[in-house]
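J.: Quick one, structure for this:
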Amino acid sequence: MAGLVATRTDLDAGTGEAFGARMWDGGEFVVAVSRDFVRRCPTPLAVLPGVDLMHPTPISHEIIELAPNVTTIDPWKETPELVASATEQVRKYLLHATN
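T.: This is a model prediction of the structure:
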């Protein structure tokens with residue numbers, strides 16, 4: 001976080017540390033919302049399940065189970081063909097969600 005704080009005049013070390021702790025150290029679910037929020041969220045969500053430490057697969061699957069209006073795009077990352085297919089699915093999702 002020190003690098004980010006060094007480049008942003010609107011941040012101080014305490015803010016950077018608090019953000020870093022919430023982002024990577026202190027959470028059991030996701031950064032910005034609770035499970036209850038996800039359960040009640042009427043907004044359409046597209047979930048491409050994570051496959052790494054910062055985007056854990058179990059959390060993605062929990063969001064998919066909790067959210068009342070969710071589209072799942074999976075698998076999406078393993079091969080260039082899957083990425084191309086997922087990109088097209090995301091485009092269709094966004095076109096549908098915004099109309």
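
J.: what comes into contact with the helix or strand where L95 lies?
T.: Per DSSP states H and E, L95 falls inside helix 80-97. With contact meaning CB atoms under 8 Å, 6 or more residues apart in numbering, helix 80-97 is reached by 44, 46, 48, 71, 73, 75-77. In short, each C-beta sits where N, CA and C put it, glycine included.

J.: how about these in TSV, adding distance to V38?
T.: Shown next, in TSV, are these (distance: CB to CB, whole Å):
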residue	distance to V38
P44	13
A46	14
L48	16
T71	14
I73	17
P75	22
W76	20
K77	22
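
J.: Kindly supply the ChimeraX command isolating those of the residues you listed that are buried.
T.: Applying 16 or more other CB atoms under 10 Å to the contacts of helix 80-97, the buried members can be selected in ChimeraX as follows:
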select :48,71,73,76
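
J.: Could you export the contacts of helix 80-97 as a markdown table, including pLDDT and secondary structure?
T.: Output for the contacts of helix 80-97, formatted as a markdown table (pLDDT from 0 to 100; DSSP: H, G, I helix; E, B strand; the rest coil):
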| residue | pLDDT | secondary structure |
| --- | --- | --- |
| P44 | 93 | coil |
| A46 | 95 | strand |
| L48 | 96 | coil |
| T71 | 95 | strand |
| I73 | 96 | coil |
| P75 | 92 | coil |
| W76 | 93 | coil |
| K77 | 89 | coil |
